[in-house]
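Undergrad: coordinates only, no sequence provided:
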């Protein structure tokens, strides 16, 4: 009979044999024949992948570098500025993050950055041109050099981070160069994975912090640009997932948040979170665009550029054929849930320690009007009641004047462009009324459409004593119910202009 230790060792061998059995179908092989290695991860983990991240010193770079280094990947970070890359040293363990100085015009430095890599991420991009790099230099020529190096050393994967609305035929220079860059990447390396993120928010973003900054004064288009803001962390998670999913090769992904916002709506979120009201002055595009372009050339620090002004008039368009977060198994977060996390530093000392609003408080806030809204609502109702009293008196006065043959007046009516389409001065209305009566007879019918001031002038001319004007039958076809004080009023829906009321207006001159 076997001893107990012997039985334990035999059981361990049997269990080990079952749990470690592997088959060819369990392996994920890339196009170059290398297996995709998956490990549990951790700061000191050692994986088998080498990844190069161009543009890692930007906003999105820290999120993908940290995720890759945490999974045991060795991350190569090409850089230009020694001080700009220092924060990335802490994203991985000793030896996990390797820095190589490079220049986008230096092909040898680019090749040195990618020659040992399994995957290359290109995050390089610029919102505005500089004296050394135009948008075409950054988005087209730079992409071409990087992709040529990737193809030369037969790198497994290339992930090209572009932009939403990227289109080679766009009238905006930023979107156009981004679109051409995508075409260049695919023409050289057909397996390129293209990623088009929406406007991103996070640390050092150009969205929340820009709106919270008191120096951001001038805007255009009344901040009505619409887009689906996306969390930088979610985009970083998606980029990491592409390393371990070879099915993403050759695909196009549009990564955007769950809800559409306008810039004005996000500005309201920012003001509510920091307990301050930031001032935003709307400037016409024809003025702001050339001024922004001139300042961007004269000053050596980044400011509002002409491209930024142009993009304020272009809403984000979703490509329905592109894949999204759902294809990667990721659920993106809504910007309203992260404003406290990123904007607390903009609060004054009086509100700094206040916790973020709870879900209940957010719901109550949506159901409760602010003091300004309540005051505006009270003013609206008071004005409405005043107009009601005014027009009840007007109706009595009009009836009395009509009976006594006195002239009518338009002074009591307030011009409303939502109702009456044509509103003329007294002099112009009289000229038009005389033209209508010229050649008319008492048997004719005159219909005045959406021009009540002309109708009043017409009635005054016909009823005026001592004038020999004909007295045709008259109608006022009008959408504004206020003019129902006139017996000749006929409701007319100007949204259906060909549908005339059922009266003898069809015989009108």
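TA: Alright, I've got the coordinates. Everything numeric in this text was worked out from a predicted model, so none of it was measured.
Undergrad: so the closest residue to residue 192 other than its chain neighbours: helix, strand or coil?
TA: Leaving aside its chain neighbours, residue 192 sits nearest to residue 185 (4.5 Å; criterion: CB to CB, 6 or more residues apart in numbering). Quick note: C-beta positions are derived from backbone N, CA and C, even for glycine. Using DSSP: H, G, I helix; E, B strand; the rest coil, the structure places residue 185 in helix.
Undergrad: ok, residue 185 touching residue 191?
TA: No - using CB atoms under 8 Å, residue 185 is not in contact with residue 191; the gap is 10.0 Å.
Undergrad: ok, these two, which is more surrounded?
TA: The residue with more neighbours, out of residue 185 and residue 191, is residue 185; 25 against 19, by other CB atoms under 10 Å.
Undergrad: for the more buried one, what are its contacts?
TA: Counting by CB atoms under 8 Å, 6 or more residues apart in numbering, residue 185 touches 122, 143, 147, 158, 160, 192, 194.
Undergrad: per-residue pLDDT, it?
TA: With respect to pLDDT, residue 185 scores 98.
Undergrad: coming back round to it: any common contacting residues for residue 185 and residue 191?
TA: residue 158.
Undergrad: coming back round to it: what is the nearest of the contacts of residue 185 to residue 173?
TA: Minimum distance to residue 173 across the contacts of residue 185 is 15.5 Å, recorded for residue 143 (CB to CB).
Undergrad: next, count neighbours for the closest one.
TA: 27.
Undergrad: show me the shaky parts of the chain.
TA: Applying pLDDT under 70 to the chain picks out residues 1-42, 362-374, 387-388, 390-392, 394-422, 465-470, 494, 501-509.
Undergrad: leaving out chain neighbours, which residue sits closest to the most centrally placed residue in it?
TA: In the chain, the centroid-proximal residue (CA atoms, centre = their mean) is residue 227; its distance is 2.1 Å. Nearest non-adjacent residue to residue 227, counting by CB to CB, 6+ apart: residue 316, 3.8 Å away.
Undergrad: try residue 236
TA: In this structure, residue 236 finds its nearest non-sequential neighbour in residue 63, 3.0 Å apart by CB to CB, 6+ apart.
Undergrad: in stretch 246-256, what's buried?
TA: Buried residues in stretch 246-256, counting neighbours by 16 or more other CB atoms under 10 Å, are found at 246, 248-249, 251-256.
Undergrad: mind listing residues that contact it?
TA: Contacts for stretch 246-256 (CB under 8 Å, 6+ apart): 28-31, 36, 157, 164, 190-198, 227-230, 234-235, 238, 241-242, 316, 318-319, 321-325, 327-328, 332.
Undergrad: just the buried residues of those residues.
TA: 30, 36, 157, 164, 191-198, 227-230, 234-235, 238, 241-242, 316, 318, 323-325, 328, 332.
Undergrad: now, the residues you listed that are in strands?
TA: Among these, the members found in strands (DSSP state E) are 157, 193-197, 227, 230.
Undergrad: ok, back up a step: just the buried residues of stretch 246-256: which are in strands?
TA: Judged by DSSP E, the buried residues of stretch 246-256 include 252-255 as members of strands.
Undergrad: that older thread, which of the ones in strands among the buried ones among the contacts of stretch 246-256 lies closest to residue 74?
TA: Residue 74 has its nearest neighbour among these in residue 157, at 15.2 Å by CB to CB.
Undergrad: so what sits opposite that closest one in the bridge?
TA: On the basis of DSSP bridges, residue 157 is bridged to residue 119.
Undergrad: OK, contacts around it?
TA: Neighbours of residue 157 in contact, by CB under 8 Å, 6+ apart: 30, 118-120, 191, 193, 242-243, 246, 249.
Undergrad: now, the most widely separated pair of these?
TA: Applying CB to CB across these, the maximum distance is between 120 and 246, 14.7 Å.
Undergrad: got the domain ranges for this protein?
TA: 26-367, 375-507 (automatic domain parsing).
Undergrad: need the winner for burial among the ones you listed.
TA: domain 26-367 (a mean of 18; mean count of other CB atoms under 10 Å).
Undergrad: run the chain-centre distance for that domain.
TA: Offset of domain 26-367 from its chain centre (CA atoms, centre = their mean, to the nearest Å): 15 Å.
Undergrad: mind listing the helices for the stretch 201-350 of the chain?
TA: Here the stretch 201-350 of the chain has its helices, by DSSP state H, counting those that start in this stretch, at 208-212, 232-244, 263-274, 285-298, 306-311, 339-343.
Undergrad: swap that for the stretch 51-200 of the chain, sorry
TA: Taking DSSP H, counting those that start in this stretch as the test, the helices found in the stretch 51-200 of the chain are 61-70, 107-114, 135-136, 142-152, 173-188.
Undergrad: outside of the fourth one, which residues touch it?
TA: Think helix 142-152. Against helix 142-152 from outside (CB under 8 Å, 6+ apart): 54, 104, 107, 110-111, 113-115, 120, 122, 124, 158, 160, 181, 184-185, 188-189, 192.
Undergrad: now it against helix 107-114, angle please.
TA: 60 degrees (axes from the mean of the first three to the mean of the last three CA atoms, to 10 degrees).
Undergrad: surely residue 232 and residue 202 touch.
TA: Yes - applying CB under 8 Å, one finds residue 232 in contact with residue 202, separated by 3.3 Å.
Undergrad: which neighbours do these two have in common?
TA: Both residue 232 and residue 202 are in contact with 59, 63, where contact means CB under 8 Å, 6+ apart.
Undergrad: make a markdown table out of the ones in strands among the buried residues of stretch 246-256 and add distance to residue 482.
TA: Written out in a markdown table, the entries for those read as follows (distance: CB to CB, whole Å):
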| residue | distance to residue 482 |
| --- | --- |
| 252 | 56 |
| 253 | 56 |
| 254 | 50 |
| 255 | 52 |
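Undergrad: closest one of those residues to residue 489?
TA: residue 254 (54.1 Å).
Undergrad: gap between the residue nearest to the closest one when sequence neighbours are not counted and residue 273?
TA: Distance criterion CB to CB, 6+ apart; nearest residue to residue 254, sequence neighbours excluded, is residue 322 at 4.2 Å. Going from residue 322 to residue 273 by CB to CB, to the nearest Å gives 32 Å.
Undergrad: who's in contact with residue 81?
TA: Neighbours of residue 81 in contact, by CB under 8 Å, 6+ apart: residue 57.
Undergrad: is the closest residue to residue 315 other than its chain neighbours bridged to anything, and to what?
TA: Distances taken as CB to CB, 6+ apart place residue 226 nearest to residue 315, at 4.4 Å, with adjacent residues excluded. Counting by DSSP bridges, residue 226 forms beta bridges with residue 262.
Undergrad: one more: residue 50?
TA: Beta-bridge partners of residue 50, as defined by DSSP bridges: residue 74.
Undergrad: gap between it and residue 68?
TA: Taken as CB to CB, the span from residue 50 to residue 68 is 10 Å.
Undergrad: mutual contacts of these two, please.
TA: Common contact partners of residue 50 and residue 68 (CB under 8 Å, 6+ apart): residue 75.
Undergrad: please verify my assumption that residue 114 contacts residue 153.
TA: Yes - when contacts are counted by CB under 8 Å, residue 114 is listed as touching residue 153 (5.9 Å).
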